[in-house]
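[1] structure of the sequence below:
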Amino acid sequence: MSATSPARLRRLSRWQAEGMREDLADLYAESTTAGTDVDYRSREDFFRRLAEDVRQPGFGMLIAETTTLAGCAFGFPVGRGSSWWHGFDGPLPPDVEHLTASGRVFSITAIVVHPRERDRGLTERLQKRLFADHQVSLGVTLVDRADEYAVRAFAALGWRQIGELRRPTGPAVLRVLALDLGNARSAAPGQLGRHDSTQG
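    Got it, this is the predicted structure:
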């Protein structure tokens, strides 16, 4: 496959995901903003997040490959009995509550795309395919309130903020972003190349 060929998307089982953890962490490190370093703590945070997520019922991961690993996205369904909404500030919007109760909500924990693929629509492809594989109606994710870049990148893909959430670990306040899968828009080139939502 040439360097200019579209990336091939492939689903991984939880066991395959755990087996690729080092390669995925390498991708994470290579996908940080140019001129910065991923320190040991950041790498360990990625490992921790992945280890927690693979244990979630319905865990899903996609990887994108060209001649090398080019991207990944992973997350899990948010069901009626899930603790995902714990700490939400105020009542859930009725439509969100209904979709959660009916098992039609999926949380994306992370989307990581190598810089060389960011202008080729790979982020949007990963997002769309992950949601389609799980046949959901609403995507949700958490972003540190201070991370304006991530908020803008998600907004370019059609996500909107529906509230805030406080968790006992991690950032004090997280923005809750949601994507109505009937209203997703195309991303601007280069947007959302790396997203690390923090879920405690």
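
[2] so which residue is dead centre in the chain?
    Nearest to the mean C-alpha position of the chain, counting by C-alpha atoms, centre = their mean, stands residue 110 at 2.9 Å.

[3] tell me the pLDDT at it?
    Residue 110 is assigned a pLDDT of 90 by the prediction.

[4] please name the bridge partners of it.
    Bridge pairing for residue 110 (DSSP bridges) gives the partners residue 74, residue 196.

[5] report the mean per-residue pLDDT for stretch 71-86.
    91.

[6] quick one, phi psi at residue 142?
    phi -120, psi 140 (degrees, to the nearest 10).

[7] and if you look at residue 80?
    According to degrees, to the nearest 10, residue 80 has phi -50, psi -40.

[8] so how far is residue 102 from it?
    8 Å (C-beta to C-beta, to the nearest Å). Just so you know, the C-beta spots here come from the backbone N, C-alpha and C atoms, and that holds for glycine as well.

[9] okay, now residue 24: neighbour count?
    23 (other C-beta atoms under 10 Å).

[10] residues in contact with it?
    17, 46, 50, 63, 69, 72, 112 (C-beta atoms under 8 Å, 6 or more residues apart in numbering).

[11] and the pLDDT for it?
    93.

[12] now do the buried residues in the helix or strand it falls within.
    Counting by DSSP states H and E, the element that carries residue 24 is helix 21-30. Under the neighbour-count criterion of 16 or more other C-beta atoms under 10 Å, helix 21-30 has 24, 25, 27, 28 buried.

[13] off-centre distance for it?
    On the basis of C-alpha atoms, centre = their mean, to the nearest Å, helix 21-30 sits 15 Å off its chain's mean C-alpha point.

[14] next SSE downstream of it?
    helix 40-53.

[15] which other residues reach that following helix?
    17-18, 21, 24-25, 28-29, 59, 74-76, 109-110, 196, 198-199.

[16] can you say which two of these are spatially most distant?
    29 and 76 (23.7 Å; C-beta to C-beta).

[17] ok, residue 153 to residue 140 distance?
    With C-beta to C-beta as the criterion, residue 153 and residue 140 are 16 Å apart.

[18] scan the helices and strands of the chain for the one with the lowest mean pLDDT.
    Every helix and strand of the chain was ranked by mean pLDDT, DSSP states H and E. The lowest is strand 194-196, at a mean of 51.

[19] tell me where this protein has strands.
    For the chain, applying DSSP state E gives strands covering 8-12, 60-65, 69-77, 105-113, 138-144, 160-165, 174-180, 194-196.

[20] low pLDDT regions in this structure?
    Applying pLDDT under 70 to the chain picks out residues 1-5, 32-41, 170-171, 183-200.

[21] could you rerun that using 80?
    1-5, 32-43, 81, 118-120, 168-172, 182-200 (pLDDT under 80).

[22] hmm, residue 93 is touching residue 162, no?
    Yes. With contacts defined as C-beta atoms under 8 Å, residue 93 counts as touching residue 162 at a distance of 6.0 Å.
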